[in-house]
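>>> One predicted model, sequence on top.
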Amino acid sequence: MFFGRFHIVIFREKRGTPRKLQLKGWMLMGLGLLLTLLVAGNVILLKNYATSGSLEKSLSLTEKSATEQKSQLLNLSQKLITLQKDVTRIRDFDSKLRVMINLEQENIMSVAPRGGPGQDLAKGYLPLYRQELLARKMNEFLRQLSVEARMEEVRQQEIIQRLRANRDVLEATPSVWPVGGWVTSGFGWRVSPFTGKREFHKGLDISGPSGTPIYAPSRGVVAFIERDPAYGLVLNLTHGSGLVSRYAHLSRVGVKVGQVVQRGEAIAYIGDSGRSTGPHLHYEVRISGVPVNPMRYILN
C-alpha cells in the first residue's frame, strides 16, 4: 500500500474531458500527515492565544495591585516622617521644660533608625523588589515609635508632677516670645554690623515696627530702667533665683522701677535707641549675670 499507486479522477460538470491524477501511496500519506500537522498547529496556536490573553490580564491586575501597594507605602512613609517630626518637636519641648524647672536631662533615643523608611522613599521611587523590605522597616519603625511614645508619656508625667510642685517657679520663668516679629540675629558668635569683627551676641534681635508693644514673658519685678550708649533705653526684669530678662533699644517704657508685672503685660515698646541698625528688640536672658540662649526658655 505504501508503494502502491492511487488514481484520482476529476470530472468536469456536464461536459468535458475528465482528468486523472496518479499519486504514489507515500505521497498521499505525506499529504495527510501534513494536513494533520497543520490542524494540530492551529489548535495549539489557538490554545496559546487564549492562554496569553489570560496571562496578560493577570499581569495587568498584578501591576495595578503593585502600583496601589507602592502608593500606599509612599503615603504611609510620609505620615511616618510627619509623626517623627512631631515626636522630635515634643522631645525638644520636653528638654526646654526640664531646663526651666531644673530637672535632670535624659538621654533620649533617636526615633528613626539609620536607613529608615523616610530615606528609602525620599524621592518617591520604590522598585517592586524592595516593597517587602520597606514594609518590614516600617513595622520596625512603628514598634520603636510605640516604645518612644510610652517613654515620653512617663517623662511627661514626671514633668507634670514637678511643675505642680514648682508652679511659682514656672510662673516666674520667661517662657513666651516678648514680641511678635522675626529674629534677625541669634544668640552666639556673629560678625558685628558696626565693626565687621567677630563678636559674641548675648541675646536675640527681634525686628518689628517702631512702637510695637513688648510683653513680659513671665511674672517679674522691674529692676531698673536706664539709658546706655550701646543698649539705648534698656529695661531689666528680675524673676527670682538669679534669673533676669533684659529689653534694649526701646522707644519708651510703660512701667516703673519696683513694679510687679505679670506674664502678657505690656512693659515697653520697640525702638532703635542706642547703637542700633534699625527698630528692633534686643532680648536677653541671664542666670546669675551669665547670658544664656533665650530660645531655651521659649515654649510657644
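Happy to help now that I have it. Residues are numbered from 1 along each chain as shown.
>>> Below-threshold pLDDT in this structure: ranges please.
Scanning the chain for pLDDT under 70 picks out 1-18, 20-26, 28, 96-132, 134, 163-166, 300.
>>> For it, just list every one of the helices.
25-100, 117-120, 131-165, 167-171 (DSSP state H).
>>> and of those helices, who's closest to Gly242?
helix 167-171 (12.0 Å; Cβ to Cβ). No exception for glycine: its C-beta is placed from N, CA and C like everyone else's.
>>> so how far is the closest one off the chain centroid?
34 Å (Cα atoms, centre = their mean, to the nearest Å).
>>> So which elements touch that helix?
Of the remaining helices and strands, none touches helix 167-171 by 3 or more Cβ pairs under 8 Å, 6 or more residues apart in numbering; DSSP states H and E.
>>> Flag every buried residue along it.
Judged by neighbour count using 16 or more other Cβ atoms under 10 Å, the buried positions of helix 167-171 are Val169, Leu170.
>>> Kindly report the same for stretch 249-266.
Residues His249, Leu250, Ser251, Val253, Val255, Val261, Arg263 are the ones in stretch 249-266 that count as buried (16+ other Cβ under 10 Å).
>>> What is the end-to-end distance of that stretch?
16 Å (Cα to Cα, to the nearest Å).
>>> How about residues contacting it?
Applying Cβ atoms under 8 Å, 6 or more residues apart in numbering, the external contacts of stretch 249-266 come out as 171, 175-176, 210-211, 213-225, 231-235, 237, 267-274, 276, 279-282.
>>> Out of those residues, name the ones that lie in strands.
Counting by DSSP state E, the part of the contacts of stretch 249-266 found in strands is 213-215, 220-225, 232-235, 237, 267-270, 280-282.
>>> among the helices of the chain, which is the most enclosed?
helix 117-120 (a mean of 18; mean count of other Cβ atoms under 10 Å).
>>> so what's Ser192 up against?
By Cβ under 8 Å, 6+ apart, the residues touching Ser192 are Arg198, Glu199.
>>> Kindly recompute the last result at 6 Å.
The neighbourhood of Ser192, defined by Cβ atoms under 6 Å, 6 or more residues apart in numbering, consists of Glu199.
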